[in-house]
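> Okay, structure incoming, though there's no sequence with it:
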């Protein structure tokens, strides 16, 4: 699955020394399921799917980046069981745990407001003067719905829409913004680095990620939402797609998928109706929620899981040749 990435993470953190020598950990991230396993099942290629999942489940500890991702794994194994007469789904359900993506929270919680104001000003923006989207520019991320929703709201009267990122739909997004008459009310940024990203998140009046499920992509967590909640600033508006509810809890405004009118209404609500006190309280609550994904906490929980799993290991749970 994503053993190399997780292995590198383990090697860089102190808890790796507390793990039993020789144990292996495999992490399933979104692309493993959506781009590999699901596509093979859709093609009827159960043999390739079984090979990928068998390799994954053969590790001592198996984790997924969200409950949503785990459900996709178990569902895939159930389909293989039905096809081949195996009985591995129950083992998968018991063995696969959850280890949410780890975030360096200090990179977002310790920002200097003066530097944030300077970074934002260098882009011709004002703090609390823009709505931000910062992710890959694809329709699966709901950028098209955001553009239409922003145009239909009262936000353009006093706010700009900043669309930061790159992707295959960048050109069509520009054309759409022109077509709906937003003109210079939309600013496209294709060169934002990690240092600038945190300040743009901290300085925005609202952050919108209106993801929607598509055959080629499903949002299995939503780490950008966690980063934004850590950075502070205005509210998050998003959808209950895939693993997003796990990332945001009750700290975000949820709108229906593919609903520009709902986005427009949510923008008017958070930008006009919310008081300054409401915004500060919402930001504080969002940060408290997001701190559970701080990398030290995530890795500590994973270390405990590794110790427990390896210590309780039984030959009857082996799955290397289950398929």
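Perfect, thanks for sending it. Nothing here was measured: the structure is a model prediction, and the numbers come from that model.

> give me the low-pLDDT residue ranges for the stretch 201-323 of the chain?
310, 313-323 (pLDDT under 70).

> Let's see that with 50 instead.
By pLDDT under 50, the low-scoring segments of the stretch 201-323 of the chain are 314-321.

> now the residue nearest the centre of the chain, nearest residue through space, not along the chain?
Compute the mean C-alpha point of the chain, and by CA atoms, centre = their mean the closest residue is residue 222, 1.3 Å away. Sequence neighbours aside, residue 247 is the residue nearest to residue 222 in space, at 4.0 Å (criterion: CB to CB, 6 or more residues apart in numbering). Placement of C-beta: from N, CA and C, glycine included.

> same thing with residue 119?
Distance criterion CB to CB, 6+ apart; nearest residue to residue 119, sequence neighbours excluded, is residue 199 at 4.0 Å.

> Check residue 246 too.
Of all residues not flanking residue 246 in the chain, residue 66 sits nearest, at 5.0 Å (CB to CB, 6+ apart).

> so how far is residue 283 from the one you found?
As judged by CB to CB, to the nearest Å, residue 66 and residue 283 stand 24 Å apart.

> With residue 206 instead?
Distance, residue 206 to residue 283, using CB to CB: 11 Å.

> what's the overlap in contacts for the two?
234-235 (CB atoms under 8 Å, 6 or more residues apart in numbering).

> And the two? Which one has more around it.
Of the pair residue 206 and residue 283, residue 206 is the one with more neighbours under other CB atoms under 10 Å, namely 26 against 19.

> is the more buried one in a bridge, and if so with what?
Counting by DSSP bridges, residue 206 is bridged to residue 131.

> Quick one: residues contacting it.
With CB under 8 Å, 6+ apart, residue 206 has these contacts: 131-132, 234-237, 267, 270-271.

> List the buried residues in the strand or helix carrying residue 287.
Assigned by DSSP states H and E, residue 287 belongs to helix 276-290. Under the neighbour-count criterion of 16 or more other CB atoms under 10 Å, helix 276-290 has 279, 282-283, 286-287, 289-290 buried.

> Following element in sequence after that helix, please.
Downstream of helix 276-290, the first helix or strand assigned by DSSP H and E is helix 295-311.

> Give the buried residues for that following helix.
Using 16+ other CB under 10 Å as the test for burial, helix 295-311 gives 295, 298-299, 301-303, 305-307, 309-310.

> Of those residues, just say which sits nearest to residue 77.
Using CB to CB, residue 309 comes nearest to residue 77 of those, at 18.3 Å.

> Any figure for the gap between that closest one and residue 52?
Relative to residue 52, and taking CB to CB, residue 309 is found at 21 Å.

> Next, give phi and psi for residue 103.
Dihedral pair for residue 103: phi -120, psi 140, per degrees, to the nearest 10.

> Need the contact partners of stretch 190-198.
107-108, 111, 119, 134, 164-166, 170, 200, 227, 231.

> now those residues in CSV, with distance to residue 100 and secondary structure?
Shown next, in CSV, are the contacts of stretch 190-198 (distance: CB to CB, whole Å; DSSP: H, G, I helix; E, B strand; the rest coil):
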residue, distance to residue 100, secondary structure
107, 17, helix
108, 16, helix
111, 23, coil
119, 28, helix
134, 20, strand
164, 24, strand
165, 22, coil
166, 26, coil
170, 29, helix
200, 24, helix
227, 13, helix
231, 18, helix
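
> Show me which pair in the residues you listed is furthest apart.
Using CB to CB, the contacts of stretch 190-198 span at most 27.5 Å, a distance reached by 111 and 170.

> So these two - more neighbours on which side?
Neighbour tally, residue 111 and residue 170, criterion other CB under 10 Å: the higher count belongs to residue 111, 20 against 17.

> Let me see the contact set for that one.
Residues counted as contacts of residue 111 (CB under 8 Å, 6+ apart) are 198-199, 202, 231-232.

> Let me know the closest of those to residue 75.
Residue 75 has its nearest neighbour among those in residue 231, at 34.4 Å by CB to CB.

> show me the contacts for that closest one.
Here residue 231 is in contact with 108-109, 111, 198, 201-202 (criterion: CB under 8 Å, 6+ apart).

> The closest residue to residue 188 other than its chain neighbours pairs with what?
Nearest non-adjacent residue to residue 188, counting by CB to CB, 6+ apart: residue 163, 5.2 Å away. When bridges are taken as DSSP bridges, the partners of residue 163 come out as residue 133, residue 188.

> pretty sure residue 252 is touching residue 240, no?
No. With contact defined as CB atoms under 8 Å, residue 252 does not count as touching residue 240 (9.5 Å).

> Those two - which one has more neighbours?
It is residue 252, of residue 252 and residue 240, that has more neighbours when counted by other CB under 10 Å, with 26 against 14.

> thought residue 219 was touching residue 245?
No. Residue 219 lies out of contact with residue 245 (CB under 8 Å); the separation is 10.2 Å.
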